[in-house]
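Asker: Test case, fold it:
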Amino acid sequence: MSEDARSEGTNNNNSERLFLVIADDSDELEAAVTFACFRARNTGGRVGLLRVVEPADFQHWAAVGNLMREEARADAEALLQQLAGQVIEKQGKYPVLFVREGERKEELLSLIDEEPDIRVLVLAAATGAKGPGPLISFLTKKVIGRMRVPVTIVPGGLTTEQIDALT
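Answerer: As a prediction, this is how the structure comes out:
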C-alpha cells in the first residue's frame, strides 16, 4: 500500500519537469538536493522529494504496529518539510512532496511510472569505500535500462560552489 502527499499549490494542469530526489538519511542527500535545486532553477523545473516509510516489522500487537507506522509517517513528513525549506531557499519554489509506504526500491520505481512529470532522478553517490550506495548499485545493475527517466548521479562530496559551477 502506498500513499502520496502532494505539496500545496501543485497544479496538475501545469506540467513542470520534476527532478526527483530520494529523501533518505544519507550524508550525501544535501548534494543531491542542491544539484536538483540548481538544475530545476536553471531549466524552469521543480524539485520533487520522495520519502519512503519502510513497513514496521512489528506485528504482535496491531495497536503498537499502527503507532509505529504513524510515528514513522510523522517523522517522514517532518523531514520533508525541513528539506522543503532548503529547496525554497536554493530554488525559490516549493517542492512536490511524496510520502510512500513500502519497500524503497519498489516505491521509487512505482512513483516514477505513475508520475509523468518526473523527468530526472537525482541521486548522490556515497563517498566511502563501500561503494556508491545500495540504491545506486541496484539501479545501475538491475533496472537502469528499463527506466523511463535518466538518472543523474552526483558525487556526494561536491560542495555547493562545485555543484553551482556544474549546473
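
Asker: Could I get the full set of strands for the protein?
Answerer: 18-22, 46-53, 96-101, 118-125, 151-155 (DSSP state E).

Asker: The last one - what's its average pLDDT?
Answerer: Averaged across strand 151-155, the pLDDT comes to 96.

Asker: heads up, I number from 18, so please use that
Answerer: From this message on, residue numbering opens at 18, which makes the last subject strand 168-172.

Asker: Okay, buried residues for that strand please.
Answerer: 168, 170-172 (16 or more other Cβ atoms under 10 Å). Just so you know, the C-beta spots here come from the backbone N, C-alpha and C atoms, and that holds for glycine as well.

Asker: Let me have the residues you listed in JSON lines, adding distance to residue 85 as columns.
Answerer: Shown next, in JSON lines, are the buried residues of strand 168-172 (distance: Cβ to Cβ, whole Å):
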{"residue": "168", "distance to residue 85": "32"}
{"residue": "170", "distance to residue 85": "33"}
{"residue": "171", "distance to residue 85": "33"}
{"residue": "172", "distance to residue 85": "35"}
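
Asker: Geometric centre of this protein: which residue is closest?
Answerer: residue 39 (2.2 Å; Cα atoms, centre = their mean).

Asker: residues contacting the nearest residue to it once chain neighbours are set aside?
Answerer: In space, and not counting its chain neighbours, residue 39 is closest to residue 67: 5.5 Å by Cβ to Cβ, 6 or more residues apart in numbering. Residue 67 makes contact with 37-40, 115-117, 124-125, 128 under the criterion Cβ atoms under 8 Å, 6 or more residues apart in numbering.
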